[in-house]
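*Asks:* My questions concern the predicted model and sequence given below.
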Amino acid sequence: MEDASLKALLEHFPVFWGEVDEPWQVRERGGGVFADPGTARADARPGLPRRYAAFAGLADLAPAAAFIRDGEGRYLWANHAYAHLYGTVPDKLVGKYIEDFDAPAEAVHFRALDQEVLSRGTPVRHTLDYRRPDGSAGRAVGHRFPVRENARTCVAGIYVDITDRLRAMLQWQAAEDSLQALRDHSGLPCALLSANGRVVEASTAAAELFHLSLPELVGRRAHTLLAPDPGLERLHRRWDGLIARRTRRVETSAVLLDTRGRQRRAQIHLTTVGHSAARARHVWAVVTHQSLAHEAHPSLTPAQVRILSLLAAGSSNGEIATSLKLSRQTVDYHLSRLRDLLGAATRPALVARAYVLGILAPRAWPPRSATAAHPLSPA
């Protein structure tokens with residue numbers, strides 16, 4: 001390969017090169033690394049070859065596929081990466097023609113590209129679709145440009161095979177589309193939260209839950225969507241454990257607050273995303289169960305919640321008094337007070353309101369508080 005051809009080829013490689021004389025002064029240089037003279041002088045040192053043999057070896061073993069062909073479509077030079085595209089070695093390419101390795105239709109196309117470069121006399125960027133040795137479709141991107149070789153103008157080309165990267169991107173996009181379809185059509189309210197608790201993306205059902213449009217929900221801080229509740233401190237501790245990767249998955253409950261000021265108790269699954277970083281960057285939050293929306297109700301004491309649990313289990317006033325070691329009159333007082341607080345005139349209505357308002361866990365038996373720390377805990 002002539003020096004001029006090699007230099008033209010190296011201009012399109014992600015490398016630097018330079019030619020120095022005996023006093024180790026830079027006579028000529030190329031490549032983006034030598035954008036400033038200081039860098040060039042720093043690399044002009046003993047041991048750097050005066051001519052281009054070393055760079056010819058670099059071009060030969062570079063990961064980018066490169067070739068030189070004459071105007072008749074005959075290969076004058078090719079590196080290993082280019083030969084690998086055809087399942088062969090450079091020596092088997094040199095001296096052969098395009099038609100010896102490519103299908104007729106592709107050979108006609110490649111010859112036309114060569115003639116375009118020769119007629120324009122300037123580099124041309126191309127995206128090429130080709131057939132791999134195993135029969136699968138391949139794609140490469142790169143440049144073709146004119147070079148001088150043996151006193152004649154030839155065509156050089158440098159291409160990077162992006163087939164595997166393109167396939168990975170298509171698979172990633174398909175996975176994203178599947179996740180989006182699942183998120184939007186499952187009916188489950190779910191949201192992807194950043195480590196600082198901001199909504200990154202969300203399902204349509206999540207936006208409807210808070211009476212927001214999707215653009216209004218994305219970007220919000222999650223704590224603005226939670227009502228004051230005694231269980232918030234515990235929720236914060238669990239969140240910190242997720243971000244610190246002390247645990248990967250948490251099932252918890254919280255009182256959600258919509259833009260109309262109405263509340264609902266919800267069971268929420270929190271799951272961290274990814275495994276690589278020391279701290280989790282994102283968490284998926286999925287609402288699996290929720291109570292009906294209601295106006296905020298007064299906070300209940302632990303004793304009142306326990307009375308509601310026993311009432312829902314079918315206990316009489318006397319049995320409740322015995323179980324809680326209270327007098328019958330105290331139980332009667334608490335029940336009367338609960339009917340006023342929850343707006344329920346009868347015992348069945350009181351139990352129904354306790355479930356509707358999310359005070360009692362909807363999927364637990366014996367009945368227990370929705371905020372109980374343990375599934376078997378009664379309160």
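*Replies:* Great, that's in hand.
*Asks:* for the chain, which strand is longest?
*Replies:* If you go by DSSP state E, the chain has its longest strand at strand 137-149.
*Asks:* Can you tell me the SS state at residue 199?
*Replies:* strand (DSSP: H, G, I helix; E, B strand; the rest coil).
*Asks:* wait, residue 200 sits on residue 190?
*Replies:* No - counting by CB atoms under 8 Å, residue 200 stays clear of residue 190, with 11.6 Å between them. Heads up, the C-betas are built off the backbone N, CA and C, glycines and all.
*Asks:* ok, back up a step: what pLDDT, on average, does the longest strand of the chain get?
*Replies:* The average pLDDT for strand 137-149 rounds to 87.
*Asks:* Could I have the CA atoms of it written out in CSV?
*Replies:* Coordinates of the C-alpha atoms in strand 137-149 are reproduced here as CSV (Å, rounded to 0.1, in the frame of the first residue of the first chain):
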residue,chain,number,x,y,z
ALA,A,137,-28.8,-10.0,7.1
GLY,A,138,-26.1,-7.6,8.1
ARG,A,139,-25.7,-3.8,8.2
ALA,A,140,-22.6,-1.6,8.3
VAL,A,141,-22.0,2.1,8.3
GLY,A,142,-18.9,4.0,7.1
HIS,A,143,-17.2,6.0,4.4
ARG,A,144,-15.8,5.4,0.9
PHE,A,145,-13.2,7.8,-0.4
PRO,A,146,-10.7,8.1,-3.3
VAL,A,147,-7.1,7.2,-2.8
ARG,A,148,-4.0,7.1,-5.0
GLU,A,149,-2.5,3.7,-5.5
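*Asks:* Buried residues in the helix or strand hosting residue 108, which are they?
*Replies:* In this structure, residue 108 is located in helix 104-120 according to DSSP states H and E. Neighbour counts over helix 104-120 (16 or more other CB atoms under 10 Å) mark 106, 107, 109, 110, 111, 114, 117 as buried.
*Asks:* what's the closest of the residues you listed to residue 63?
*Replies:* Comparing the buried residues of helix 104-120 against residue 63 with CB to CB places residue 110 closest, at 21.3 Å.
*Asks:* Which strands border the helix or strand just after the longest strand of the chain, and is each parallel or antiparallel?
*Replies:* Next along the chain after strand 137-149, taking DSSP H and E as the criterion, comes strand 152-161. Using DSSP bridges, the strands paired with strand 152-161 are strand 65-69 (antiparallel), strand 137-149 (antiparallel).
*Asks:* Would you mind pulling up the elements that the lengthiest helix in the chain packs against?
*Replies:* Looking across the chain with DSSP state H, the single longest helix is helix 163-185. Contacts defined by 3 or more CB pairs under 8 Å, 6 or more residues apart in numbering; DSSP states H and E place helix 163-185 against strand 137-149.
*Asks:* Mind listing the residues bridging to residue 201?
*Replies:* residue 192.
*Asks:* For residue 157, give its distance to residue 118.
*Replies:* Taking CB to CB, to the nearest Å as the measure, residue 157 falls 12 Å from residue 118.
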